[in-house]
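In: I would like the atomic coordinates for the input below:
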Amino acid sequence: MAKIGALAGRWTVRSDYIVNQAIEQYIEANTLQMQRISDGIAAACDSKVAPTGEVFGGIAAMHGRSG
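Out: Numbers count the residues shown, from 1 in each chain. Predicted coordinates for the structure are as follows:
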């Protein structure tokens, strides 16, 4: 809790504001993640998925590597 108090002091806000913001961001991130998982499961069930090599090749390309 000391870190929350220190952060609140730097921002000149109350500690409960920091905690509420953290909870809201956590819920938002997890809601989005759960929706992406559900969308992925639905796509897989409908056979709307890319071949493994294509997926990993795309990831490698994003990191400047050949697939």
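In: next, count neighbours for residue 57.
Out: 15 (other CB atoms under 10 Å). Yep, even glycine has a C-beta here, placed from its N, CA and C like the rest.
In: now it, what's its secondary structure?
Out: Here residue 57 is helix, with the state taken from DSSP: H, G, I helix; E, B strand; the rest coil.
In: distance of the residue nearest to the spatial centre of the chain from residue 17?
Out: In the chain, the centroid-proximal residue (CA atoms, centre = their mean) is residue 29; its distance is 5.1 Å. Distance, residue 29 to residue 17, by CB to CB, to the nearest Å: 19 Å.
In: ok, residue 64 next?
Out: Going from residue 64 to residue 17 by CB to CB gives 41 Å.
In: which one's more surrounded, those two?
Out: Neighbour totals were compared for residue 64 and residue 17, and residue 17 leads with 13 against 6 (other CB under 10 Å).
In: with adjacent residues omitted, what lies nearest to that one?
Out: Closest residue in space to residue 17, ignoring its immediate chain neighbours: residue 8 at 6.9 Å, by CB to CB, 6 or more residues apart in numbering.
In: the top helix by length along the chain - contacts with which helices or strands?
Out: Counting by DSSP state H, the longest helix found in the chain is helix 15-45. Packing partners of helix 15-45 (3 or more CB pairs under 8 Å, 6 or more residues apart in numbering; DSSP states H and E): helix 2-11.
In: alpha carbons only: can I get the helix it packs on in PDB?
Out: Only the C-alpha atoms of helix 2-11 are listed here, as PDB (Å, rounded to 0.1, in the frame of the first residue of the first chain):
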ATOM      1  CA  ALA A   2       3.000   2.300   0.500                       C
ATOM      2  CA  LYS A   3       3.600   2.300  -3.300                       C
ATOM      3  CA  ILE A   4       0.000   3.300  -3.900                       C
ATOM      4  CA  GLY A   5       0.300   6.100  -1.400                       C
ATOM      5  CA  ALA A   6       3.500   7.300  -3.000                       C
ATOM      6  CA  LEU A   7       2.000   7.300  -6.400                       C
ATOM      7  CA  ALA A   8      -1.100   9.100  -5.300                       C
ATOM      8  CA  GLY A   9       1.100  11.700  -3.700                       C
ATOM      9  CA  ARG A  10       3.000  12.300  -6.900                       C
ATOM     10  CA  TRP A  11      -0.200  12.700  -8.800                       C
END
